[in-house]
Structures are given as C-alpha cells and as structure tokens.
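Trainee: need a structure here:
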Amino acid sequence: MEIWLVRHGESTWNSARRFQGGLDAPLSARGRSQAAALAVELARTRFHALYTSPLRRARDTAAVCGPVVGLDPVPVDDLRELGLGSWEGLTIETVLADDGERYRRWLKVPTGHAPPGGEPIASLAERVGAAFQGLCARHPAGRVLVVSHGGVIASALCGWLGRPLDSIWEVRLGNASITRATLPGGRVLGINEIGHLSAESAVEGVAP
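Mentor: Sure, this is the predicted structure:
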C-alpha cells in the first residue's frame with residue numbers, strides 16, 4: 001500500500017500557539033487556504049480511499065479534499081492527535097510559566113515525561129501503528145490518503161526511519177504538508193512536502 005499522510009491545515013489554535021491535543025479547533029483563514037491548495041495538488045493523483053482523524057481541524061481539511069479526489073472521508077479514532085492532558089487549551093507561554101521544567105523535559109525526552117494526565121508517546125505510536133496495519137490489510141495494493149496530525153505522522157516516521165521515539169519533536173511537519181510511504185515495510189518516499197503551498201501559507205503551525 002502507498003500511504004499519503006497529510007497534516008491538517010492551520011487551526012486557529014496553531015496560530016495562537018495554543019496546545020490542542022484532543023480538543024477541537026476550527027481551521028483559520030490561512031488553514032482554509034492551505035486546504036484549498038492541498039486539494040488542487042491531490043487532484044492530480046488517484047486514491048482508493050480517504051481516511052481522517054475525527055478531530056475537527058483534520059475533518060475540515062479532509063472535507064475540502066474529498067470532493068476533489070472523489071472520495072468521502074472516513075473517520076478513524078486512532079488517527080487522532082496525541083492527548084496532552086491538562087496542557088490542552090493552554091498557550092505555550094502559559095505552560096512555560098506554570099510547568100516549564102516538565103515542558104522542557106517533554107521536549108527533550110518525551111517518552112518519560114508526558115504532560116499531567118496526558119497520553120504517553122509510546123501509546124500514540126502503538127495505536128497509530130495498529131491503525132496503519134488495518135488500512136494496509138484493507139487496501140494491500142491501493143493508494144490511501146490520510147488526513148491527521150503532526151504527532152501522529154511524526155510517530156510513524158520515527159519507526160519507519162529507525163529513529164527513537166524521543167526524537168519525535170525533531171520531525172518538523174508543516175500544516176497541509178504531505179508525507180508519503182509504502183507499507184508494510186515503511187519505505188519513505190517523501191517528508192513534509194509543501195511545494196503546493198504559497199510562501200505565505202506555508203508557515204508552520206506550532207503546538208500539537
């Protein structure tokens with residue numbers, strides 16, 4: 001199976017540097033523009049299925065792309081973003097002020113320092129891996145489009161590239177970027193492809 005992984009367009013909380021995790025936030029004006037440009041790019045390729053995270057920022061991005069590729073987006077719960085516990089809804093600046101030491105440890109060694117009440121990185125990688133295995137079994141010879149999140153895609157890339165999960169935040173993925181691989185085996189074909197975005201709309205969103 002060939003899998004195309006899209007990070008959702010910029011949300012209003014991305015632009016505000018606010019942690020989202022499992023909470024919902026709509027696309028910003030830039031995010032909607034990114035989704036439209038992404039759809040134009042994807043229209044050049046035939047896909048056999050379209051799956052999306054159930055979170056709004058991903059669903060809204062998939063909803064723009066679906067009509068162009070001729071597919072209805074199918075939500076898959078395990079494609080949701082990493083849960084960030086009590087940090088969800090807070091700005092990066094607030095977390096730095098109130099829980100700065102934990103935040104710095106989470107950036108450096110995330111497998112051992114989850115946010116309070118947050119999801120362990122290993123749990124994220126496990127459920128994402130299981131979701132991709134399921135898609136591969138369903139579409140063994142197909143090309144599948146998946147709209148999800150930075151943490152989801154980065155966790156998969158760590159495994160495919162043989163990198164430790166503690167390097168997950170070193171994998172930089174812009175909003176509405178495309179990452180491509182073949183499964184099983186995880187042969188990476190492209191990472192963070194943003195050539196379809198204008199210089200203005202290619203600003204990288206922050207905070208998962």
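Trainee: Do a quick rundown of the helices in this protein.
Mentor: 12-15, 29-42, 56-69, 92-108, 121-138, 150-160 (DSSP state H).
Trainee: tell me the mean pLDDT for the longest one?
Mentor: If I follow you right, that is helix 121-138. On average, the pLDDT along helix 121-138 is 97.
Trainee: which outside residues touch it?
Mentor: If you take C-beta atoms under 8 Å, 6 or more residues apart in numbering as the criterion, helix 121-138 is touched by 1, 3, 49, 51, 76, 78-79, 82, 110-111, 114, 144, 146, 151-152, 155-156, 158-159, 165-166, 168, 183-184. In short, each C-beta sits where N, CA and C put it, glycine included.
Trainee: buried ones in that helix?
Mentor: By neighbour count with 16 or more other C-beta atoms under 10 Å, helix 121-138 contains the buried residues 121, 124-125, 127-128, 131-132, 135-136.
Trainee: Geometric centre of this protein: which residue is closest?
Mentor: Nearest residue to the geometric centre of the chain (C-alpha atoms, centre = their mean): His149, 1.5 Å.
Trainee: Wait, that one touches Leu84, no?
Mentor: No. Using C-beta atoms under 8 Å, His149 is not in contact with Leu84; the gap is 11.4 Å.
Trainee: worst-scoring helix or strand of this structure, pLDDT-wise?
Mentor: Sorting the helices and strands of the chain by mean pLDDT, DSSP states H and E puts helix 12-15 at the bottom, at a mean of 93.
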